[in-house]
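**Student:** I'll drop the sequence and a predicted model, then ask my questions.
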Amino acid sequence: MEYNKITPEILEQLKAAAPGHILTGEDVNLDYGRDEMPIYGESMPEAVLQATSTEEIAAVVKICNENKIPVTTRGAATGLAGGCVPVYGGIVIETIKMNKILSYDLENFSVTIEPGVLLKQLAEDALTKGLMYPPDPGEKLATVGGNVSTNAGGMRAVKYGCTRDYVLAMKVVLPTGEITSFGAKVSKTSSGYSLLHLMIGSEGTLGIITELTLKLIPAPKMTLSLIVPFEDLETAISTVPKVKMAKMDPQALEFMEREIILASERYVGREVFPKNVNGVDVGAYLMITLDDQDEDMLLTRTEKLAEMLVDWGAVDVMVVDNPQKLRDAWATRSSFLEAIMEETKLLDECDVVVPIKEIARFLTYANEKGKECGLEIKSFGHAGDGNLHIYQCSNDLPKEEFVKRVDKYFEELYKEATACGGLVSGEHGIGRGKVKYLAESVGETNMDIMRGIKAVFDPNLILNPGKVCYQS
């Protein structure tokens, strides 16, 4: 792919289209060239638009399309697949300043926001209305626009679904600079191709989202969390389908191995999870959250589940009913990535998703392959929906050798995931880092279809080039 540079003449046009909001030169700091996964490298843009309106974005994109300047949209840059790295330079459009919650429609259980609203901000604000925005990705300082662009999942997906399930409508700037809308404030539709759902998860390659209307639900009256230690990971994972078959309907059902808990507790500076129970060394944990509108019903379900978990092999069940302990437990869970980064010089990650019954076998396979490839493997994930976060770590290897080994590891891992009915990414997206593995997983026919869709939306291929279905 070949693109033009931003000439002084084009720069003047951009500044006229967005007065005071175009950054160049030393004002463009290094953060604009990367995301949260450093292994996917840095690539600096020539300019940055700190966007404040749909019209401003449309005017800038129109100029870029006419001059074949690449455009990369960026929220809070918390992605883990190189999705907002401006591989071909050009201009970065940052939406973080478009951060207003515009309106609630309480009768239709919806909220309309700008894309730069943070997940934490929306979740807390909705609760003041007695409502819940169910998507709950681990990074609470991510923008909701970014969540929609990758169809983020998170811990509550096992009960409530992913981000896609809560997007009713959106306003979009197309690569030509045209402004359009997809979707409507309705609960169902059979009205032609779903352009709304095509845009969700497209990682900024088809259009730029500038406004979102999202579905809300009544907030549960009460939640309870359980920490459930097991002697080994296989026993822990084997209980997951049993929990679901017992109709416990968990809000969250997470698994984690002992090593990741130790790393996270070192990072947060406190011990929360038991390491030895009744003389048994704990090798793995489940964290389970139940919710309900009725407190008595919730307590009854929790007691029943605790009894069943012990029958299924748990060495203990801790009901976390103290607010401080609850905060500490979830702070430990939420700090896994930061803990790994703190102790690791080089790392990469896959968020592969497999059928629930395959989780234990697949993780055993992943750990064995890691040893064969000379990589340290740390894993955790969403046991309730089969989405696994498997990190490859090294403090000793040269970067070139690490990348080579990870590539070999991924080849084997994704091949096995595909064979057992899984997919390359459950929630982090394809970005720059996983294009090759997506192609190998879904095949050339499907990749051609995706490239064809891209060409219809974006014939000049200016939007986030080198991502999803095009290798950079």
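**Tutor:** Noted; the coordinates are in hand. Numbering: from 1, shown residues only.
**Student:** is residue 286 located within a helix, as I assumed?
**Tutor:** No. Per DSSP: H, G, I helix; E, B strand; the rest coil, residue 286 lies outside any helix segment and is strand.
**Student:** mind checking pLDDT for it?
**Tutor:** Note on residue 286: pLDDT of 96.
**Student:** touching, it and residue 253? I think so.
**Tutor:** Yes. Counting by CB atoms under 8 Å, residue 253 is a contact partner of residue 286 at 6.8 Å. Quick note: C-beta positions are derived from backbone N, CA and C, even for glycine.
**Student:** any common contacting residues for those two?
**Tutor:** Here residue 286 and residue 253 share the contacting residues 240, 383, scored by CB atoms under 8 Å, 6 or more residues apart in numbering.
**Student:** so what touches the worst-scoring helix or strand of the chain on mean pLDDT?
**Tutor:** Between all helices and strands in the chain, the lowest mean by mean pLDDT, DSSP states H and E belongs to helix 323-334, at a mean of 86. With CB under 8 Å, 6+ apart as the contact definition, helix 323-334 has outside contacts at 138, 140, 155, 225, 227, 254, 256, 261, 264-265, 268, 270, 272-273, 287, 320, 380.
**Student:** so which of those sit within strands?
**Tutor:** Mapping these onto strands (DSSP state E) picks out 225, 227, 254, 256, 287, 320, 380.
**Student:** sorry, back to before: in the least confident helix or strand of the chain, what counts as buried?
**Tutor:** Neighbour counts over helix 323-334 (16 or more other CB atoms under 10 Å) mark 326, 328-330, 332-333 as buried.
**Student:** distance to residue 410 for those - can I get that in TSV?
**Tutor:** Shown next, in TSV, are the buried residues of helix 323-334 (distance: CB to CB, whole Å):
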residue	distance to residue 410
326	36
328	34
329	32
330	30
332	28
333	25
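**Student:** tell me the one of those residues nearest residue 216?
**Tutor:** Comparing the buried residues of helix 323-334 against residue 216 with CB to CB picks out residue 330 as the nearest, at 21.8 Å.
**Student:** do you know how far the closest one is from residue 58?
**Tutor:** Using CB to CB, to the nearest Å, one gets 40 Å for the distance from residue 330 to residue 58.
**Student:** remind me, longest helix of the protein?
**Tutor:** Among the segments of the chain that qualify as a helix by DSSP state H, the longest is helix 399-419.
**Student:** would you mind pulling the contact partners of that helix?
**Tutor:** 39, 346, 348, 350, 352-354, 362, 365-366, 369-370, 373-375, 390, 392, 394, 397, 423-424, 437, 440-441.
**Student:** what about those, which are in strands?
**Tutor:** Of those, the ones assigned to strands by DSSP E are 346, 348, 350, 390, 392, 394.
**Student:** OK, contacts around residue 127?
**Tutor:** By CB under 8 Å, 6+ apart, the neighbours of residue 127 are residue 219.
**Student:** where does it land on pLDDT?
**Tutor:** For residue 127, the pLDDT comes out at 97.
**Student:** so what's the residue count around residue 102?
**Tutor:** Here the number of neighbours of residue 102 (other CB atoms under 10 Å) works out to 12.
**Student:** next, it: phi, psi?
**Tutor:** In terms of degrees, to the nearest 10, the main-chain angles of residue 102 are phi -80, psi -40.
**Student:** ok, it - contacts?
**Tutor:** When contacts are counted by CB under 8 Å, 6+ apart, residue 102 touches 112-114, 211.
**Student:** tell me the secondary structure at residue 339.
**Tutor:** helix.
**Student:** now do the same for residue 382: its pLDDT.
**Tutor:** Residue 382 is assigned 92 on the pLDDT scale.
**Student:** picking up where we left off before, buried among the contacts of helix 399-419? Make that a ChimeraX selection.
**Tutor:** Selecting only the buried members of the contacts of helix 399-419 in ChimeraX, with burial defined as 16+ other CB under 10 Å, works like this:
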select :39,346,348,350,352,353,354,362,365,366,369,370,373,375,390,392,394,397,423,424,437,440,441
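**Student:** in helices, which of the contacts of helix 399-419 fall?
**Tutor:** Using DSSP H, the subset of these located in helices is 362, 365-366, 369-370, 437, 440-441.
**Student:** return the member of these nearest to residue 244.
**Tutor:** If you rank these by distance to residue 244 using CB to CB, residue 362 comes first, at 17.9 Å.
**Student:** in this structure the closest one contacts residue 420, no?
**Tutor:** Yes. Here residue 362 reaches residue 420: they are 6.6 Å apart, a contact under CB under 8 Å.
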